[in-house]
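Q: Okay, sequence plus prediction incoming.
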Amino acid sequence: MALSTDLPPEICFLIFDFATAGDRQTALALLYVSRYVKEHCEPALYHTVVLRSFEAANVFTRCLSFRVDKSFCPRYIKSLIAYDLTHLTNAQLAHLLPAIRGVTNFFCWNTEIANDELGAIMPHLRSLYASRHPMVFPQTVTHMTVRYSLLETVEIYNATLRMPCLTHLAIEWFTGDYDERFIDHPNQNLKVLVVLVFSRALRAATERAKNTEADPRVVYVVHKSVFRLAERPWVKYDGTSATSVGLLQVSDANDLLYDYAREYPDPSKDSMWDIAEKIVEQRREIVDSTE
């Protein structure tokens, strides 16, 4: 059924796109307007799937089992953000894995899917949250965030050096224990290295962030969980080169950790990667202007 309106379809689709990008409840409501509207809006609704718990993952796999068009999800799911995919049965995985074949961004806090299997499961993967062993990652990955519990191992540092496409790396700095080579000798292909600083590492990070001139690619960013502390040894980044040096608070960016799979990316905010790139560019401009 066509739309009952005098507006050109292109204008209607722009309105639908704006509505689905800003509010998921609105996007869901649009699915019930008509089959014509649903065919346009449903792909946007499935672009980013957030599963906040194992129960949500369980329900999602059940929904996949009832979907008649098995080609829909592999075509349109591009970002999968999940808190817990452990203990899924083989039957559930049989529905889930084909559905996420087209995923380019994969974040999962708890998963039994091994890193060395991801390349076959998601051959188009570009962005990854590295949360477990083994230390073998898909060669297609360009953006990766490394879980704090893996930073003490030399194997994962060496693995990042063997990733030819890796240009953006982020590490969680929870405590003072980590392999310092991540910061002192990063992959030479990296454009950006974001160090996400948590409260227990705040003092050590504050000292290290004073030496960002040594490598302008290293951007120290306090995680939003630290914002509430009374002691604030950081600078609030306001988009200018004057605030691009040192330990930074970046408020207007989506969390690289998606609040541990509890939130959808906010379309009104920039990617933390994009902002980190801008900071690196501003630092290089400062260096160039002083030479």
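A: Structure's in. What do you need? Numbers count the residues shown, from 1 in each chain.
Q: Quickly list what Val192 is bridged to.
A: Going by DSSP bridges, Val192 is paired in beta bridges with His168.
Q: does Tyr46 really touch Ser79, like I thought?
A: No. Under the criterion of CB atoms under 8 Å, Tyr46 is not in contact with Ser79, lying 9.8 Å apart. The C-beta positions use only the backbone N, C-alpha and C, and glycine is treated the same way.
Q: Spell out the secondary structure type for Val49.
A: strand (DSSP: H, G, I helix; E, B strand; the rest coil).
Q: Please enumerate the strands of the stretch 1-150 of the chain.
A: With DSSP state E, counting those that start in this stretch as the criterion, the stretch 1-150 of the chain has strands at 48-51, 79-84, 105-110, 127-130, 143-146.
Q: Please name whichever of those strands is nearest to Ser289.
A: strand 143-146 (29.2 Å; CB to CB).
Q: Off-centre distance for whatever helix or strand comes next after that closest one?
A: Next in sequence after strand 143-146, counting helices and strands by DSSP states H and E, comes helix 154-161. Taking CA atoms, centre = their mean, to the nearest Å, one finds helix 154-161 lying 20 Å from the centre of the chain it belongs to.
Q: Point to the residue nearest the middle of the protein.
A: Centroid-nearest residue in the chain, with CA atoms, centre = their mean: Leu256, separated by 4.7 Å.
Q: show me the contacts for that residue.
A: Thr145, Ala170, Val194, Leu196, Met272, Trp273 (CB atoms under 8 Å, 6 or more residues apart in numbering).
Q: Could you give the backbone dihedrals for Val219?
A: phi -120, psi 120 (degrees, to the nearest 10).
Q: Not counting stretch 156-166 itself, show me its contacts.
A: By CB under 8 Å, 6+ apart, stretch 156-166 touches 130, 135-137, 139-144, 146, 150, 169, 179, 181-182, 186-187, 189-190.
Q: ugh, wrong one, stretch 208-224
A: 172, 183, 186, 190-198, 202, 205, 234, 245-251, 255, 257, 259, 272, 276, 279-280, 283-284, 287.
Q: Check stretch 59-66 too.
A: Contacts for stretch 59-66 (CB under 8 Å, 6+ apart): Val49, Leu51, Cys73, Leu88, Gln92, Leu93, His95, Leu96, Ala99.
Q: What subset of the contacts of stretch 156-166 is buried?
A: 130, 135, 137, 140-144, 146, 150, 169, 179, 182, 186-187, 190 (16 or more other CB atoms under 10 Å).
Q: Where do the helices of the stretch 51-200 of the chain begin and end?
A: Remark: helices assigned in the stretch 51-200 of the chain by DSSP state H, counting those that start in this stretch are 54-66, 72-76, 90-99, 115-121, 154-161, 181-184.
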